[in-house]
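1. missing the sequence, but the structure's below:
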RNA sequence: UGCCCUGUGGUCUAAUGGUAAGACGGCUGACUCUGGAUCAGUUUAUCGAGGUUCAAAUCCUUGCAGGGCAGCCA
């Protein structure tokens, strides 16, 4: 159960006063014109979470009132994303387009009540007549048409007698209202576009403002939760509902999610895809649900995150570190550990017998011993991480260096005895000796080493491609930049080939998540992994004291 | 500058007229066969000014700051 917030407070109060006869019914109402992102995840968790906690219902409803922008492809991906997040709408999959006929009847009803009229001003004229933020608008010359004439015209709009854009149906409210939404807003426009569900049945389509509030009413929604920018529209919704005298849900607005170092706008996200800055909508750097899924985030971590950030009315910017905290928390508990070397450095253990192979016991997850152990082969030639060796180590570097002894995880203590370089002075190979008495990783004489390294046996390891991701942007709020492209992080993706993994990884499946010990959490890529090319996406690094020490020194 | 909304540590959220709390981040330290995890400690906040009240983050007035609204988009 989530902690209290102002929305739950309102619901508690409504329950106490029996405003909706004990019912709690919410809905998640996306427009199928793009892919869902983390901001939507917040809304999904909010709406479905409330329904779950109050033993109510939450509908999935597609706000499909603009056929020129909407597609079935988006409908399918939205459903997949909501399901992935762990929520279920049973058979309550609705579409605003299901209500087109009913909506038309409502419009006719308003015309008959003298509360709506057909206007023949064009778009720019309507804008002119609307006035400005500080000056009132003026009435349309078509505002005082007779009811009979309006009825006739509206019917002929539907019948297709007029060209696109020539006529609109407007609510007759108040052109001098300080709230611009109330200055005779458009209810219907003529739009000859094939709708993904109704085909060519209609050539007039209702506007969002008219449709949304009435769809909520039709479905018996109790609490219509939406984002802040619709606050000024609420009086209009109230007007439609009251003039029509229909069931009246309570709209509650909350602040949408902003996450640091990324963008949430569909338009900007689309730009990234179209201009090729990312590898499609589900690029693991994208804040889309498809992107974070491919990156390796878990639904559980997303839900916990959504709960933790809470819900309020003030604009905020959530630190992306909080999101990373929740994925680490989840994966730490559940991801099996495995060893893999990202940037291999060959090590030859001089005193280890040629051709000998030992099977070392390794714990699959120290956080969950029930996951058991596995065998990891050890031999004379191994790889360690290049970053785990320094020829001239600074203070506080505890890893391998000439003459220094360290532990190989689950294996032996080794001591570095030699450094081999090529003609450019690049280190190509290390020579070490091992202490046979330290098998398994403990010294019988009780001596300690300062660090433990991961490794793989050269001969037994398998190759992999590993993709390391960093934040997509270099600034906290890219959307506030003059051109958000200018602050794209050029190092947001680093592709490593020639990585070596312990043989256990030979049988992994796309989508599975592992911790490569000391390197981070990784997810087997679902798109590019093939039989002979294993691709790992790094979901998130482990917290790392050493990089902090390094950064301080700089 | 018309209307609407919002101002609590670095960040996000609590406190519902009665001791400003938690999480993340940061910084210490302990422990450790992952420089992971874990544990302990620590740092920093009610936008300003008036008012109501025994008592104000909370209510009122006002100022300031931030956000939203002038699509036949949602």
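-> Okay, I see it. Here the structure is a predicted model, which means the values were calculated and not measured. Numbering: from 1, shown residues only, chains lettered A, B, ... in the order given.
2. Report whether the worst-scoring helix or strand of chain A on mean pLDDT contacts RNA strand B.
-> Counting by mean pLDDT, DSSP states H and E, chain A has its least confident helix or strand at helix A:545-553, which shows a mean of 89. Yes. Taking C-beta under 7 Å from any atom of the strand as the criterion, helix A:545-553 and RNA strand B are in contact, through A:545, A:546, A:548, A:549, A:552. C-beta here means a position set from N, CA and C on the backbone, and glycine is covered the same way.
3. can you list the residues of the stretch 401-550 of chain A near RNA strand B?
-> Counting by C-beta under 7 Å from any atom of the strand, the residues of the stretch 401-550 of chain A that sit close to RNA strand B are A:407, A:409-410, A:440-442, A:451-452, A:454, A:515, A:517-518, A:542-546, A:548-549.
4. In contact with the spatially closest residue to residue A:312 that is not a sequence neighbour, which residues are there?
-> Counting by C-beta to C-beta, 6 or more residues apart in numbering, residue A:312 lies nearest to residue A:255, which is 5.9 Å off, once chain neighbours are set aside. Contact analysis of residue A:255 by C-beta atoms under 8 Å, 6 or more residues apart in numbering lists A:227, A:228, A:311, A:312, A:313, A:314, A:315, A:316.
5. Redo the residues you listed as CSV? Include secondary structure and pLDDT.
-> Output for these, formatted as CSV (DSSP: H, G, I helix; E, B strand; the rest coil; pLDDT from 0 to 100):
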residue, secondary structure, pLDDT
A:227, strand, 98
A:228, helix, 97
A:311, coil, 97
A:312, coil, 97
A:313, coil, 97
A:314, coil, 96
A:315, coil, 95
A:316, coil, 96
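6. Columns distance to residue A:66 and neighbour count on top of those, output as CSV?
-> What follows is these, written out as CSV (distance: C-beta to C-beta, whole Å; neighbours: other C-beta atoms under 10 Å):
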residue, distance to residue A:66, neighbour count
A:227, 18, 14
A:228, 22, 13
A:311, 28, 22
A:312, 30, 12
A:313, 28, 13
A:314, 30, 7
A:315, 27, 9
A:316, 30, 12
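7. can you tell me which of these are up against RNA strand B?
-> With C-beta under 7 Å from any atom of the strand as the criterion, the contacts of residue A:255 include A:228, A:311, A:312, A:313, A:314, A:315, A:316 near RNA strand B.
8. which residues touch the third one?
-> So that's residue A:312. Residues counted as contacts of residue A:312 (C-beta under 8 Å, 6+ apart) are A:5, A:6, A:254, A:255.
9. Residue ranges in the stretch 301-450 of chain A under the pLDDT threshold?
-> Low-confidence segments of the stretch 301-450 of chain A, defined by pLDDT under 70: none present.
10. Ok, chain A next?
-> Under the criterion of pLDDT under 70, the regions of chain A flagged as low confidence span A:1-2, A:554.
11. By proximity to RNA strand B, which residue of it wins?
-> For chain A and RNA strand B, the shortest gap (C-beta to the nearest atom of the strand) falls at residue A:441, measuring 1.8 Å.
12. That residue and residue A:452 touch, don't they?
-> Yes. Taking C-beta atoms under 8 Å as the definition, residue A:441 is a contact partner of residue A:452 at 7.5 Å.
13. tally of neighbours for the closest residue to residue A:137 other than its chain neighbours?
-> Sequence neighbours aside, residue A:131 is the residue nearest to residue A:137 in space, at 3.4 Å (criterion: C-beta to C-beta, 6+ apart). Counted by other C-beta atoms under 10 Å, the residues lying close to residue A:131 total 16.
14. for residue A:357, same thing?
-> When neighbours are counted by other C-beta under 10 Å, residue A:357 registers 12.
15. can you give me phi and psi for it?
-> Dihedral pair for residue A:357: phi -130, psi 130, per degrees, to the nearest 10.
16. My read is that it contacts residue A:378, right?
-> Yes. Under the criterion of C-beta under 8 Å, residue A:357 lies in contact with residue A:378, with a separation of 7.0 Å.
17. Any residues of the stretch 251-400 of chain A in contact with RNA strand B? List them.
-> Within the stretch 251-400 of chain A, the positions adjacent to RNA strand B are A:255, A:308-319, A:321-322, A:325, A:328-329, A:332, A:337, A:365-367, A:396-399 by C-beta under 7 Å from any atom of the strand.
18. from those, which would you call buried?
-> The neighbour count (16 or more other C-beta atoms under 10 Å) marks A:255, A:309, A:310, A:311, A:318, A:325, A:328, A:337, A:365, A:397, A:399 as buried among those.
19. Dump the residues you listed to TSV, plus distance to residue A:466 and secondary structure.
-> Conversion of these to TSV gives the following (distance: C-beta to C-beta, whole Å; DSSP: H, G, I helix; E, B strand; the rest coil):
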residue	distance to residue A:466	secondary structure
A:255	37	coil
A:309	30	helix
A:310	35	coil
A:311	37	coil
A:318	28	strand
A:325	23	helix
A:328	18	helix
A:337	16	strand
A:365	21	coil
A:397	24	coil
A:399	20	coil
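20. List just the nearest of these to residue A:37.
-> residue A:318 (13.4 Å; C-beta to C-beta).
21. quick one, what contacts the closest one?
-> Taking C-beta under 8 Å, 6+ apart, one finds A:257, A:258, A:259, A:260, A:309 in contact with residue A:318.
22. quick one on the thing from earlier: out of the ones next to RNA strand B among the contacts of residue A:255, what pair is the most spread apart?
-> Checking those against each other with C-beta to C-beta, the farthest-apart pair comes out as A:311 and A:315, at 12.7 Å.
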